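**Student:** have a look; sequence and predicted model below, questions after that.
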Number of protein chains: 2
Amino acid sequence: MRVLGVDPGLTRCGVGVVEGVAGRPLTMLGVGVVRTPADAELGHRLVAIEQGIEQWLDEHRPEFVAVERVFSQHNVRTVMGTAQASAVAMLCAARRGIPVALHTPSEVKAAVTGSGRADKAQVGAMVTRLLRLSAPPKPADAADALALAICHIWRGPAQNRLQQAVALHTAKAPKGRTA
Amino acid sequence: MRVLGVDPGLTRCGVGVVEGVAGRPLTMLGVGVVRTPADAELGHRLVAIEQGIEQWLDEHRPEFVAVERVFSQHNVRTVMGTAQASAVAMLCAARRGIPVALHTPSEVKAAVTGSGRADKAQVGAMVTRLLRLSAPPKPADAADALALAICHIWRGPAQNRLQQAVALHTAKAPKGRTA
């Protein structure tokens, strides 16, 4: 199973590709950050994120895309941008019929560290160990994207296969109605 | 000046096209709602909204797209969906080099009714009068989209022309970096 994890953000959108199955060693295929300039217009930042995500989908052809589920507890301005960046990532995946899974930050932390309240350093350390890297991926957004992909792989293939079947089925007949 | 107004939403995305210049009678060229089923997966809803907005852009070739600026005061779940739908609308416009303007709900209400705290009925009544329609557009999302377009036309051509020049310039060299 090959998964693209996306830690959405307007300024830094973390992306990481992990391949493997639950219970076996995992392989990192790529990690990076799609950046957009903070002084650019919002519409153009979203276009730049779309182009970046499309490149990652083209290059790695993931079977699943795992995106961090955005909550509204935090800073209001940041959260709106995060929601908009996540929309672009989900749109790119769904257009290709790739199933999109949303995982909460605590689900991801619990998956890779055993604790839903782990800090960034702990997540980075476990991602480094699980993917047998020489150093933690930088910035933290990149490590978080890999953690999302790992979380998705470990959540169990049965649920993911069901989701994939539904996504492929729905992609054949998207329902956009204009009235 | 031809403007597509978008009142973003996942379930109902209001769209309306208005043509005219400040100080002259305005003309409605089209109004409608892009709907997506509430039980569909989020990714597919975003794809359906993209298809709907693209149809409106293809058909009416607006010079500007005016989108409601999303705030986070209201219901958290609704606001995230609204932010995601607005991201798709902005993305569609920016991809074509069409400048995107964001107007707050109170700016729009103040523009068409004279009061930033006007209610939906008042906005609907003024939209009906200003566009010389026989009845208020239904649902309210459609009327709000027309009000957004009117607001944009009345905000003054000088500011809009500057924005248009910037958008066209930036569209030629979008900066999506992958590191």
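**Tutor:** Received the coordinates, thanks. Numbering: from 1, shown residues only, chains lettered A, B, ... in the order given.
**Student:** stretch A:136-154 vs chain B: in contact?
**Tutor:** No. Looking at stretch A:136-154 against chain B by C-beta under 8 Å from any C-beta of the partner chain, there are no contacts, and the closest approach is 9.0 Å. To be clear about C-beta, it is placed using only N, CA and C from the backbone, and glycine gets the same treatment.
**Student:** pLDDT below threshold where in chain A?
**Tutor:** Filtered on pLDDT under 70, chain A yields the residue ranges A:72-77, A:156-179.
**Student:** could you pull out the strands for it?
**Tutor:** Counting by DSSP state E, chain A has strands at residues A:2-7, A:12-19, A:27-35, A:64-68, A:100-103, A:177-178.
**Student:** and the ones you listed as JSON lines, adding mean neighbour count and distance to A:Ala111?
**Tutor:** Below are those laid out as JSON lines (neighbours: other C-beta atoms under 10 Å in any protein chain shown; distance: least, C-beta to C-beta, whole Å):
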{"stretch": "strand A:2-7", "mean neighbour count": "27", "distance to A:Ala111": "11"}
{"stretch": "strand A:12-19", "mean neighbour count": "25", "distance to A:Ala111": "12"}
{"stretch": "strand A:27-35", "mean neighbour count": "20", "distance to A:Ala111": "16"}
{"stretch": "strand A:64-68", "mean neighbour count": "26", "distance to A:Ala111": "11"}
{"stretch": "strand A:100-103", "mean neighbour count": "21", "distance to A:Ala111": "8"}
{"stretch": "strand A:177-178", "mean neighbour count": "15", "distance to A:Ala111": "38"}
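**Student:** figure out which of the ones you listed is closest to B:Glu107.
**Tutor:** Closest approach to B:Glu107 among these (C-beta to C-beta): strand A:177-178, 26.7 Å.
**Student:** before we move on, back to that, columns distance to A:Leu42 on top of the strands of chain A, output as a markdown table?
**Tutor:** Listed next are those as a markdown table, based on distance: least, C-beta to C-beta, whole Å:
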| stretch | distance to A:Leu42 |
| --- | --- |
| strand A:2-7 | 19 |
| strand A:12-19 | 14 |
| strand A:27-35 | 15 |
| strand A:64-68 | 19 |
| strand A:100-103 | 22 |
| strand A:177-178 | 25 |
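**Student:** just put these in JSON lines and tack on distance to chain B.
**Tutor:** As requested, those are exported to JSON lines (distance: least, C-beta to the nearest C-beta, whole Å):
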{"stretch": "strand A:2-7", "distance to chain B": "12"}
{"stretch": "strand A:12-19", "distance to chain B": "8"}
{"stretch": "strand A:27-35", "distance to chain B": "5"}
{"stretch": "strand A:64-68", "distance to chain B": "8"}
{"stretch": "strand A:100-103", "distance to chain B": "4"}
{"stretch": "strand A:177-178", "distance to chain B": "5"}
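**Student:** of those strands, which is nearest A:Leu57?
**Tutor:** That would be strand A:2-7 among those, by C-beta to C-beta, at 6.9 Å.
**Student:** packing partners for the closest one?
**Tutor:** Strand A:2-7 sits against strand A:12-19, helix A:42-60, strand A:64-68, helix A:76-95, helix A:140-154, with contacts defined as 3 or more C-beta pairs under 8 Å, 6 or more residues apart in numbering or on different chains; DSSP states H and E.
**Student:** the first one to helix A:42-60, inter-axis angle?
**Tutor:** Taking axes from the mean of the first three to the mean of the last three C-alpha atoms, to 10 degrees, one finds strand A:12-19 and helix A:42-60 inclined to each other by 20 degrees.
**Student:** chain center to strand A:12-19: distance?
**Tutor:** Counting by C-alpha atoms, centre = their mean, to the nearest Å, strand A:12-19 is centred 6 Å from the centre of its parent chain.
**Student:** the nearest residue to A:Ala22 once chain neighbours are set aside: how many residues sit nearby?
**Tutor:** For A:Ala22, ignoring the flanking residues on the chain, the nearest one in space by C-beta to C-beta, 6 or more residues apart in numbering or on different chains is A:Trp154 at 5.1 Å. Number of residues near A:Trp154 (other C-beta atoms under 10 Å in any protein chain shown) recorded here: 16.
**Student:** what distance do you get for A:Trp154 to A:Glu63?
**Tutor:** Taking C-beta to C-beta, to the nearest Å as the measure, A:Trp154 falls 15 Å from A:Glu63.
**Student:** just A:Thr113 next, same as before
**Tutor:** The gap separating A:Thr113 from A:Glu63 is 25 Å, by C-beta to C-beta.
**Student:** so A:Asp7 touches A:Glu68, yeah?
**Tutor:** Yes. Using C-beta atoms under 8 Å, A:Asp7 is in contact with A:Glu68, at 5.4 Å.
**Student:** and for these two, which residues touch both?
**Tutor:** A:Asp144, A:Leu148 (C-beta atoms under 8 Å, 6 or more residues apart in numbering or on different chains).
**Student:** my read is that A:His60 contacts A:Gly30, right?
**Tutor:** Yes. Between A:His60 and A:Gly30 there is a contact at 6.0 Å, judged by C-beta under 8 Å.
**Student:** need the overlap of contacts for those two.
**Tutor:** Common neighbours of A:His60 and A:Gly30 (C-beta under 8 Å, 6+ apart) are A:Val17.
**Student:** and stretch A:133-151, what's buried?
**Tutor:** A:136-137, A:139-151 (16 or more other C-beta atoms under 10 Å in any protein chain shown).
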